[in-house]
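Asker: sharing a model prediction with you, sequence too.
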Amino acid sequence: MSSPPLFLPLLCGTLATVSWSIGNVLSKAALCCIEPLSLLTGQLAVSAASLTVLSIWSGAPPRLSDWRAGLPGILQPALASGLSIFGLSMLPASVEAMLFAVEPPLIIFLAWFILGELPNRAIIFLCLLAVAGVGFLSWTSDPDPSAARGLGVALVLAGVLFASLYSIVVRVMSESVDTLRLTTASQIVAFALVAFAWIGFRPLPTLSVTIGDVVPVVGSGLLLLSIPFLLYGIALQRMSATAAALLLPLVPVFTAIFASIFLQETLTATQWLGAAAVLLSALGTPMALRSQPHGSEVSSHSRKP
């Protein structure tokens, strides 16, 4: 029997990485005039609304009983995206994306620690390589009395941890819950949680919205959350998680390209060395998984549904 065609999943997976990258750059641009919590609240509102419309159109509207399926949304995007967007406000978009490239090896480590899926030596080496790369990426020779860069790196890495935990939880729950329903419920729960925090920190009477604010919020909400989540989900349905994970390192690569073009961001030679280490770790993870015992494959989709 011939193998299923890979053109569609590869196309969807690649388009998802492009969407995440553009969404990252658009979010960074929006942060110049919108504070992080307001931006995330708007992005989640757009994402939750668009996924709800899609669910209704597909004949499976969200139900009140779906709140249990939405609990992973506390991990991602509520905590993961919340922490990372505050980190993004302190870091170049390219550096933030490079830091997220440590997610695949981190998921493998968490799968071993939580699910008992033992990693081989190659995976352990790649995890250590990713840690070293993060160190180089966060290095700067410029004096930084406020330690903003270090705090930004810490926030993003905390976001990566919650996103990786989300992937472990979703790996288990997706066996009994439809992907679209799980993703929609998670986004709705995340929006409710973040909106509650936003109202508490910024009362509604102080809200002032302009068209200039709405456009980047809607654009980044669609390109960073709803659209790539769905595209990557299609890819995961039609190809192995290992093959899909091989596409993830494209996110920091595309982000660095778009950030260089549109935000005029540049990395130092030391940071490029760190970026190379992180990307090598992410690219090597799927190949290292091939020598794992059967059943050790873990779905890696954190900024992914």
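Answerer: Cool, the structure landed. Numbers count the residues shown, from 1 in each chain.
Asker: could you pull up the mean pLDDT of whichever strand or helix holds residue 152?
Answerer: Assigned by DSSP states H and E, residue 152 belongs to helix 148-173. The average of the pLDDT scores along helix 148-173 is 85.
Asker: stretch 136-143 too?
Answerer: On average, the pLDDT along stretch 136-143 is 64.
Asker: mind giving me the packing neighbours of the helix holding residue 152?
Answerer: helix 80-88, helix 93-100, helix 103-115, helix 121-137 (3 or more CB pairs under 8 Å, 6 or more residues apart in numbering; DSSP states H and E). Using the backbone N, CA and C atoms, a C-beta is placed for each residue, glycine as well.
Asker: now for the last one, which elements pack on it?
Answerer: Here helix 121-137 is seen to pack against helix 93-100, helix 103-115, helix 148-173, helix 269-289 when contacts are counted using 3+ CB pairs under 8 Å, 6+ apart.
Asker: now do the shortest one
Answerer: Counting contacts by 3+ CB pairs under 8 Å, 6+ apart, helix 93-100 packs against helix 7-30, helix 80-88, helix 121-137, helix 148-173, helix 250-262, helix 269-289.
Asker: dump the C-alpha coordinates for that helix into CSV.
Answerer: The C-alpha trace of helix 93-100 is given here as CSV (Å, rounded to 0.1, in the frame of the first residue of the first chain):
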residue,chain,number,x,y,z
ALA,A,93,11.7,39.1,18.5
SER,A,94,14.4,36.9,17.0
VAL,A,95,16.0,36.1,20.4
GLU,A,96,12.5,35.3,21.9
ALA,A,97,11.9,32.9,19.0
MET,A,98,15.3,31.3,19.3
LEU,A,99,14.6,30.6,23.0
PHE,A,100,11.4,28.8,22.1
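Asker: list of residues touching it?
Answerer: 21, 24-25, 27-28, 84, 87-88, 91, 133-134, 137-138, 152-153, 156-157, 159-160, 163, 251-252, 255-256, 258-260, 263, 265, 267, 271, 274-275, 278-279, 302-303 (CB atoms under 8 Å, 6 or more residues apart in numbering).
Asker: I'd like the average pLDDT over that helix.
Answerer: 83.
Asker: begin at 836 from now on, thanks
Answerer: Okay, residue one is now 836; in that scheme the one you just asked about reads as helix 928-935.
Asker: and it, how far out from the chain middle?
Answerer: Centre-to-centre, helix 928-935 and its host chain are 11 Å apart (CA atoms, centre = their mean, to the nearest Å).
Asker: equivalent analysis for stretch 892-909, please.
Answerer: With CA atoms, centre = their mean, you get 20 Å for stretch 892-909.
Asker: endpoint to endpoint, that stretch covers what distance?
Answerer: Length of stretch 892-909, first residue to last, CA to CA, to the nearest Å: 26 Å.
Asker: gap between the closest residue to residue 953 other than its chain neighbours and residue 995?
Answerer: Distance criterion CB to CB, 6 or more residues apart in numbering; nearest residue to residue 953, sequence neighbours excluded, is residue 947 at 5.7 Å. Counting by CB to CB, to the nearest Å, the separation of residue 947 from residue 995 is 17 Å.
Asker: between these two, tell me which one has more neighbours.
Answerer: residue 995 (24 against 17; other CB atoms under 10 Å).
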